[in-house]
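A.B. asks: Structure for this input, please:
(2 chains)
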2 protein chains.
Amino acid sequence: MAVTKNPQWRLAARPSGNPSKSDFQWVETDLAPLQAGQILVRNLWLSLDPANRVWMNDADSYMPKLNLGEVMRGSTLGVVEESRNRGFKAGDQVAGLLGWQKFAVSDGRGVNRLPSLPIPLEAQFGLLGHIGFTAYFGMLDIGKPQAGETLVVTAAAGAVGSLAAQIGKISGCRVVGIAGSDEKCRWLTDELGIDAAINYKTEKVSAALDRHCPHGIDIGFENVGGPIFEAILGRINLRARIALCGMIAGYTASRPVPGPPNLFMLITKRARIEGFLVLDYVNRFHEATAKLLEWHLAGKLKYRLDVVEGLENAPEALNKLFTGANTGKLVVKF
Amino acid sequence: MAVTKNPQWRLAARPSGNPSKSDFQWVETDLAPLQAGQILVRNLWLSLDPANRVWMNDADSYMPKLNLGEVMRGSTLGVVEESRNRGFKAGDQVAGLLGWQKFAVSDGRGVNRLPSLPIPLEAQFGLLGHIGFTAYFGMLDIGKPQAGETLVVTAAAGAVGSLAAQIGKISGCRVVGIAGSDEKCRWLTDELGIDAAINYKTEKVSAALDRHCPHGIDIGFENVGGPIFEAILGRINLRARIALCGMIAGYTASRPVPGPPNLFMLITKRARIEGFLVLDYVNRFHEATAKLLEWHLAGKLKYRLDVVEGLENAPEALNKLFTGANTGKLVVKF
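C.D. replies: Prediction:
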């Protein structure tokens, strides 16, 4: 094995507010020879996701919290360099939670061999994988769109949001996206074909929702929380479904962000808010892969990558998710 | 027709905070002779419900707001005195939203003839009707209890809460009730057979929930909102269901009560909050009547009336709901 050095980012401190570079420590470890059953993976792409920030807190969520000193957790795409596990062979392309590091040694659990598909490897982050599947199951299973309904997506120019919005269009909905810049809004309407987009930084969201949702809101695909969520709740229709995908407004807050004061709307409208996680749909990933790929190849479902070059830039890049600086899927290319 | 005077309470002002007597005006109107198609009902019982306060606000909810000067809206039980409507005859016992008044003239729409049942007329408020049906459908259709699950009911000594808690027991759940006095808590555990009760006025609710729900919370039957709701959300299990029945903590607040800051728990636990209204279940009322009656006659489902004598005392009695002074179903006897 030629490889001996493994550069990696470890969690050095619990951030308060936005994550900063000082919350991470750059370490180069020595790789030990593989033991029986192990594989060595060279990571090629790292996914940066809002949930990464949640994992840095001193509290378990749907995953155990990270301990200080651990390699930062993250979804990766890579290639098997060496295998002593009969489930893998050198050259296999794999996806896994293999962390913010150039190489990973794994016993293969939780590492998935990727099928050969007519799309680039990194589309596993932009179109498929945890991003595409979150949009697919959240939209279809929790949102349950019917043709003619009105869907509002927050963080609509984000990785999941932009796919969810397009799946809403494919389902026959009127789709209104909320995003944080005019450029993002233009991308949503002009390139993705979303019916209307609201720039929450320059427009009054309540008034804009009134204008763009003249028949109320049937489905919310919620990534943000905070006042925008309240504005959406205030306009829901009878039996509305809010698919709760994320609440990024709260992830970097130093004190708890209050929930919406108008939850009574759920009673008035016999509506529901339902949280979901892509992890629960593992045995339907093949279904989602087939549909997402079909829509993409037919030109109905586009994705965009926001590529940061070099693992060394990952800590600063993570911040883009919380300042709204990224459009589409934020990834690190090794 | 011997009757000519009709004493009634009209909405005189929009309350801020708790409703007070000065928000109502006592009027005695003259009853005109019935026209073709009309019935004259003598009200015998008036239901006082938390939702009454919501109807007094200057905003539509699931029902249109009341206008100033209108007879105060309320559920009543009464007897037909005179009928010029072929759907009713004198002597029929009826239920309807016939308001805070001694007599009501109606065209019969929304007025239901009550079947002859082996229970007192006022059990239509304590056990059946909007109270019993709310508990029945909210618990079974929204809460979806499974034997062995843990259910937490807030305002558990209230009209709906006390039935919901017992239906939880009938469904095989461990049931924990939250109420506002030791006397209410004793009633829940000693008379209704609820597993544990928490006095939120003297106990720390979070610690008490930890103690009484060692395996977490699978179902919430939520009547209150506010910090108690937050404590419940913080302890939910995977795929928990929160049946949102009411949010009384907010009904008399002069400014919006923030929602729970921990809605992210819905994602962590893939759980849902769902609002419901008994109005949606009209075509299953016969099913609920049969089951509630069966359970009651078998001694498994008890109700308690908190009886206020005299329509003239209704405005002050309504306040008991917001100060927590009532146990069981608050009613006015004419």
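A.B. asks: okay, CA-based contacts and neighbour counts for the rest of this
C.D. replies: OK.
A.B. asks: ok, and the closest non-adjacent residue to residue A:78?
C.D. replies: residue A:43 (4.1 Å; CA to CA, 6 or more residues apart in numbering or on different chains).
A.B. asks: Just the residues contacting the helix or strand hosting that neighbour, thanks.
C.D. replies: For residue A:43, the host element (DSSP states H and E) is strand A:39-47. Counting by CA atoms under 8 Å, 6 or more residues apart in numbering or on different chains, strand A:39-47 makes contact with A:34, A:74-85, A:88, A:98-108, A:122, A:125, A:330-334, all of which sit outside it.
A.B. asks: Quick check: neighbours of it in the sheet, parallel or antiparallel?
C.D. replies: For strand A:39-47, the paired strands and their directions (DSSP bridges) are strand A:76-83 (antiparallel), strand A:103-106 (antiparallel), strand A:329-333 (antiparallel).
A.B. asks: for the stretch 51-200 of chain A, what spans make up the strands?
C.D. replies: A:76-83, A:93-96, A:103-106, A:112-113, A:150-154, A:174-179, A:196-199 (DSSP state E, counting those that start in this stretch).
A.B. asks: Compare the ones you listed and give me the one nearest residue B:283.
C.D. replies: The stretch from the strands of the stretch 51-200 of chain A with the least distance to residue B:283 (CA to CA) is strand A:150-154; that distance is 28.6 Å.
A.B. asks: wait, does the closest one make contact with chain B?
C.D. replies: No: for strand A:150-154 and chain B, the contact criterion (CA under 8 Å from any CA of the partner chain) is not met; the two come no nearer than 15.7 Å.
A.B. asks: Likewise for stretch A:259-267?
C.D. replies: Yes: under the criterion of CA under 8 Å from any CA, chain B is reached by stretch A:259-267 at A:259, A:260, A:261, A:262, A:263, A:264, A:266, A:267.
A.B. asks: and the strand holding residue A:43, what's its mean pLDDT?
C.D. replies: Throughout strand A:39-47, pLDDT has a mean value of 98.
A.B. asks: again with stretch A:188-196
C.D. replies: Mean pLDDT, stretch A:188-196: 98.
A.B. asks: pLDDT weak spots in chain A?
C.D. replies: Within chain A, the stretches falling below the threshold (pLDDT under 70) are A:1-3.
A.B. asks: If we use 90, what do you get?
C.D. replies: Counting by pLDDT under 90, chain A contains low-confidence ranges at A:1-4, A:16-17, A:60-62, A:248-257, A:323-327.
A.B. asks: Return the residues of it in contact with chain B.
C.D. replies: By the rule CA under 8 Å from any CA, the part of chain A lying against chain B is A:61-62, A:244-247, A:256-264, A:266-277.
A.B. asks: Mind checking which of these land in helices?
C.D. replies: The helices, defined by DSSP state H, take in A:266, A:267, A:268 from these.
A.B. asks: need the residues you listed in TSV with neighbour count, can you?
C.D. replies: Output for these, formatted as TSV (neighbours: other CA atoms under 10 Å in any protein chain shown):
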residue	neighbour count
A:266	28
A:267	22
A:268	20
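A.B. asks: Now do stretch A:73-93: distance to the chain's middle.
C.D. replies: Taking CA atoms, centre = their mean, to the nearest Å, one finds stretch A:73-93 lying 23 Å from the centre of the chain it belongs to.
A.B. asks: distance between the ends of it?
C.D. replies: Terminal residues of stretch A:73-93 lie 19 Å apart, using CA to CA, to the nearest Å.
A.B. asks: can you list contacts of that stretch?
C.D. replies: If you take CA under 8 Å, 6+ apart as the criterion, stretch A:73-93 is touched by A:34-48, A:52, A:55, A:66, A:94-100, A:107-108, A:113-114, A:121-122, A:124.
A.B. asks: Kindly report the same for stretch A:184-199.
C.D. replies: Under the criterion CA under 8 Å, 6+ apart, residues A:156-157, A:162, A:165-166, A:169, A:174-182, A:205, A:208, A:212, A:301-302, A:327 lie in contact with stretch A:184-199.
A.B. asks: And stretch A:129-142, by the same measure?
C.D. replies: When contacts are defined by CA under 8 Å, 6+ apart, stretch A:129-142 is touched by residues A:125-126, A:145, A:159-161, A:163-164, A:167-168, A:221, A:241-243, A:245, A:274, A:276-278, A:281, A:285, A:288-289, A:292.
A.B. asks: please redo it, this time with the cut-off set to 7 Å
C.D. replies: Applying CA atoms under 7 Å, 6 or more residues apart in numbering or on different chains, the set of residues contacting stretch A:129-142 from outside is A:125, A:126, A:159, A:160, A:163, A:164, A:243, A:276, A:277, A:278, A:288.
A.B. asks: Between these, which sits nearest chain B?
C.D. replies: Nearest to chain B among the contacts of stretch A:129-142, counting by CA to the nearest CA, is residue A:276 at 4.6 Å.
A.B. asks: roughly how far apart are that closest one and residue A:139?
C.D. replies: 10 Å.
A.B. asks: who has more neighbours, these two?
C.D. replies: It is residue A:139, of residue A:276 and residue A:139, that has more neighbours when counted by other CA atoms under 10 Å in any protein chain shown, with 28 against 24.
A.B. asks: on that earlier part again, which among the contacts of stretch A:73-93 count as buried?
C.D. replies: For the contacts of stretch A:73-93, a neighbour count by 16 or more other CA atoms under 10 Å in any protein chain shown gives the buried set as A:34, A:38-48, A:52, A:55, A:66, A:94-100, A:107-108, A:113, A:121-122, A:124.
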